[in-house]
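In: Give the three-dimensional model of this entry:
(chains A, B, C and D)
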2 protein chains.
Amino acid sequence: MSTNFQQHKAGDLHFLKRLNRSAILELIRRAPGMTRADIATQAQLTKATVGAGVQSLLEQGWLSEGELQRSGGGRPGRSLYLNEQHYVLLGAEVDVHGLRLVACTLTGQILTSRQEYLAPTTPEITADLLADLLRALRSSPEVAGRQCLGVGIALPGPIDPKKPILRLAPNLGWRDIRFLDLLRARLPELDSLWLMDNEAKSAAFGELYFRTDKITDSLVYVSAGTGIGSGMVEGNHLPLISRGLQGLAGEIGHTVLQPGGLYCRCGNRGCAETLVSGWSIRAALGIAEDQSLSEALQPRLGEAEVQVTLRRAGEALGTLLLNLHHTQNPSEIVLGGSLVQIGAPLLDPALTYFKANQNSLLGTTQQVPIRIIEDSTFVSARGAAAQVLARAIHGPGELL
Amino acid sequence: MSTNFQQHKAGDLHFLKRLNRSAILELIRRAPGMTRADIATQAQLTKATVGAGVQSLLEQGWLSEGELQRSGGGRPGRSLYLNEQHYVLLGAEVDVHGLRLVACTLTGQILTSRQEYLAPTTPEITADLLADLLRALRSSPEVAGRQCLGVGIALPGPIDPKKPILRLAPNLGWRDIRFLDLLRARLPELDSLWLMDNEAKSAAFGELYFRTDKITDSLVYVSAGTGIGSGMVEGNHLPLISRGLQGLAGEIGHTVLQPGGLYCRCGNRGCAETLVSGWSIRAALGIAEDQSLSEALQPRLGEAEVQVTLRRAGEALGTLLLNLHHTQNPSEIVLGGSLVQIGAPLLDPALTYFKANQNSLLGTTQQVPIRIIEDSTFVSARGAAAQVLARAIHGPGELL
DNA sequence: GCTACTAAGTAAAAAGTTTGAACAAACGTG
DNA sequence: CACGTTTGTTCAAACTTTTTACTTAGTAGC
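Out: Model prediction:
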């Protein structure tokens, strides 16, 4: 479900044409401002083929021409950019705190966003509200004139990799929900691409895909909130999301860090979430669910009990990061989620532990960067929009 | 390095032809006995294209025609198989115990194998011996008449994903070795494909690739010997090996299971290897390195100390498997390596723990199969041969 | 200001691949 | 033994990329 397409085993002539168009688009997407000649060199195509491809992409509103480039001798080439005016991508996230929506351009620029607080309720009521918000977003002034490529939804739980079913969302109290079907039924007028995915996987995909500087081979996004999830994206040309058999790939909150430790919500003992997660910190420090965790902690940071709890949670988080390093070894780790707002008391022990231990095996000095996203409000929703774009470019269908 | 090719961004006409040839080959490889008509249906190609492709593959010795198939009405189709007579794949593994070599056919049938004991020594001496053995294997009666597609080498340590450098092999005492260059220099007459990879990754690849029944999307091979390594292979059409930035993906022996626990060989504390690994069991029970671990344990299985150590090691192994389940969630886990020979005292606790805990999160009854390979002597060498085949079929080059 | 030079992009013929439709081959059935 | 059915092949047609030549647009030198 979503961004890992079965590569067409074989291809006809039309497939080849489409492949070349998408290669051109992908090159421009990742290095904006390329000229036709640059593309011909990098994609190993002839000038003629590139010229024809660019022409059709210009006509379809995918590309736009920019200024003339470096004039060092011969005729200067004309810069090419993604057309930021013609299309729009819609993304949304549902979680315990409510709904978040974004509309963005082909480069991931957010045109407009919405946020609506909603206590966990039934899938149907949630879908009703989300459908209304999507409709409103679609007709907002920033979006209205554009062609909509599709809608991506990010959800807080594992999703079946074969069928669009949300297997479980413990924070919402949902199980085996075909949320995409509920939503599509309420929005028949939007007959473009539809997809849904796990929020950490969407976020990971978006962070890798909507990036033009420091392009990396792989990336893990760690979503630290009420629970701890992660998403791994690998592969340079077309990033693939690791899903696994049941969509459980990335459920690092339920890896065991303390055999025989405390009981977890899942029933096992010693899961990482028993040490570091929104719910376990709340439980340890007696903080109710209806108040913000970081706000409740702020005045209490001087208390010894709070300090110890956060330091231990931070060390557990560091251990989790180190284990990811030795299991997946991503080129970059991105840390987001509401727990990040707790700040240094939690993050310092985590980063210190990770940095101190990451190079013991190889003895190198190469550092795997950990990027911390202070405000990850719209990261998953934007990532879901990124998945829509990826499917439009590389997936099956008559687009492009 | 090895089997993850940068998908040609764009393609010319020749590329398309090659893609279709490789799709035909891949279909027959995975479902031997298909007819041209079956292929045309499944690959979405026309009969004419398939006919031409099959013809050229027959002439090049990739395929052979078999018997006539089901005669239910019309003209029966002719079965197609991989040609088991024309080509040969060579694979070898270097580890603490010595060298292992296999020569196999396109379906992974082992034509002949060699095993040579060798105490860890310098890379040069090892390469000298391995070159001699490869030469001998090449001219053995089972192999001599065949065309060699290439040689794959499996090594016990992380390998740089960009360059063919063995970063570290603690058991051999090697660091930053260009072993493939050493070997190629000694075998200039073998100018076919050359590749090297980590032994667990090679094994994982081979177990998934050389399989025609129960084809799965993904597979993790856990290699439990002196240390603990793993390899993850994912992707149905062309299985991809997870490597990571520094080739550390799969180094599960150095994930932390016991924060603040014993010191590991790597310098960190509480690594899985401190609980379950050849070296830690030897250390705990005072078994010298020059005797076989399983043989030394056999007469001592009644001792309480031995029972406790093995049970604890088994539980740690079970935890490791469960953490893999929640991190990568492979369709199948395959367990090999010399520790498997210890048998039930180690494996029963591991499997019991895994089975008891694997379904707590989703609450399903679906079981992720764990296959135990009793004799994994040639699994990595055969996997390296499988990687040669995959590169010949899908990789760049004029083959096919 | 003119010419020479360089590189980018385009137009039309040429080459190569898949396709489509017709055809030949092989088997079972009545 | 004729008929229906399915497999596999043949050859002209369609389509895409390539090749080649040419136009375009700027810089540099005199």
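
In: which residue does the stretch 101-250 of chain A bring closest to chain B?
Out: Closest approach between the stretch 101-250 of chain A and chain B, counting by Cβ to the nearest Cβ: residue A:244, at 2.5 Å. Yep, even glycine has a C-beta here, placed from its N, CA and C like the rest.

In: ok, that residue to DNA strand D distance?
Out: Per Cβ to the nearest atom of the strand, to the nearest Å, residue A:244 is found 36 Å from DNA strand D.

In: What is the burial count for the closest residue to that residue other than its chain neighbours?
Out: Among residues not flanking residue A:244 along the chain, residue B:329 sits closest, at 2.5 Å (Cβ to Cβ, 6 or more residues apart in numbering or on different chains). Residues lying near residue B:329 (other Cβ atoms under 10 Å in any protein chain shown) number 23.

In: got the contact list for residue B:329?
Out: A:243-249, A:251, B:218, B:368 (Cβ atoms under 8 Å, 6 or more residues apart in numbering or on different chains).

In: Including distance to residue B:96 and neighbour count, could those residues go into a markdown table?
Out: Formatted as a markdown table, the contacts of residue B:329 follow (distance: Cβ to Cβ, whole Å; neighbours: other Cβ atoms under 10 Å in any protein chain shown):
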| residue | distance to residue B:96 | neighbour count |
| --- | --- | --- |
| A:243 | 36 | 29 |
| A:244 | 32 | 25 |
| A:245 | 33 | 20 |
| A:246 | 36 | 23 |
| A:247 | 38 | 24 |
| A:248 | 34 | 24 |
| A:249 | 32 | 29 |
| A:251 | 35 | 29 |
| B:218 | 29 | 25 |
| B:368 | 30 | 21 |
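
In: Show me which pair in the residues you listed is furthest apart.
Out: Across the contacts of residue B:329, no pair lies farther apart than A:251 and B:218, at 15.2 Å, counting by Cβ to Cβ.

In: The residue of the stretch 101-250 of chain A closest to chain B touches residue A:159, doesn't it?
Out: No - using Cβ atoms under 8 Å, residue A:244 makes no contact with residue A:159, being 10.9 Å away.

In: could you dump the contacts of residue B:329 to JSON lines with pLDDT and secondary structure?
Out: Formatted as JSON lines, these follow (pLDDT from 0 to 100; DSSP: H, G, I helix; E, B strand; the rest coil):
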{"residue": "A:243", "pLDDT": "94", "secondary structure": "coil"}
{"residue": "A:244", "pLDDT": "95", "secondary structure": "coil"}
{"residue": "A:245", "pLDDT": "95", "secondary structure": "coil"}
{"residue": "A:246", "pLDDT": "95", "secondary structure": "coil"}
{"residue": "A:247", "pLDDT": "96", "secondary structure": "coil"}
{"residue": "A:248", "pLDDT": "97", "secondary structure": "coil"}
{"residue": "A:249", "pLDDT": "97", "secondary structure": "coil"}
{"residue": "A:251", "pLDDT": "97", "secondary structure": "coil"}
{"residue": "B:218", "pLDDT": "96", "secondary structure": "strand"}
{"residue": "B:368", "pLDDT": "96", "secondary structure": "coil"}
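
In: Make sure residue A:83 is actually in contact with residue A:146.
Out: No - at 10.3 Å, residue A:83 does not count as touching residue A:146 under the criterion of Cβ under 8 Å.

In: show me where chain A has strands.
Out: A:63-68, A:78-82, A:87-95, A:98-104, A:110-117, A:147-155, A:166-169, A:174-177, A:193-198, A:218-224, A:228-234, A:240-241, A:333-336, A:370-372 (DSSP state E).

In: Which positions within the last one qualify as buried?
Out: For strand A:370-372, the buried set under the neighbour-count rule, 16 or more other Cβ atoms under 10 Å in any protein chain shown, comprises residue A:370.

In: Okay, now the sheet partners of that strand, with direction.
Out: strand A:333-336 (parallel) (DSSP bridges).

In: so how far is the strand it pairs with from its chain's centroid?
Out: With Cα atoms, centre = their mean, to the nearest Å as the basis, strand A:333-336 stands 11 Å off its chain's centre.

In: Only C-alpha atoms, please: export it in PDB.
Out: Taking C-alpha atoms only, strand A:333-336 is exported to PDB below (Å, rounded to 0.1, in the frame of the first residue of the first chain):
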ATOM      1  CA  ILE A 333      18.200   9.800  11.700                       C
ATOM      2  CA  VAL A 334      15.500  12.400  12.100                       C
ATOM      3  CA  LEU A 335      13.800  12.800  15.400                       C
ATOM      4  CA  GLY A 336      10.300  14.200  15.700                       C
END
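
In: Can you name the residue of chain A nearest to DNA strand D?
Out: residue A:75 (3.1 Å; Cβ to the nearest atom of the strand).

In: For that residue, the count of nearby residues, please.
Out: Quick note: residue A:75 (other Cβ under 10 Å) scores 8 neighbours.

In: State the phi and psi torsions of the residue in chain A sticking out farthest from the centre.
Out: Using Cα atoms, centre = their mean, the residue of chain A lying farthest from its centre is residue A:73. It sits 43.2 Å away. Here is the backbone geometry of residue A:73 (degrees, to the nearest 10): phi 130, psi -80.

In: In contact with it, which residues?
Out: Per Cβ under 8 Å, 6+ apart, neighbours of residue A:73: none.

In: per-residue confidence at it?
Out: With respect to pLDDT, residue A:73 has a value of 77.

In: What of residue A:296?
Out: pLDDT, read off for residue A:296, is 95.
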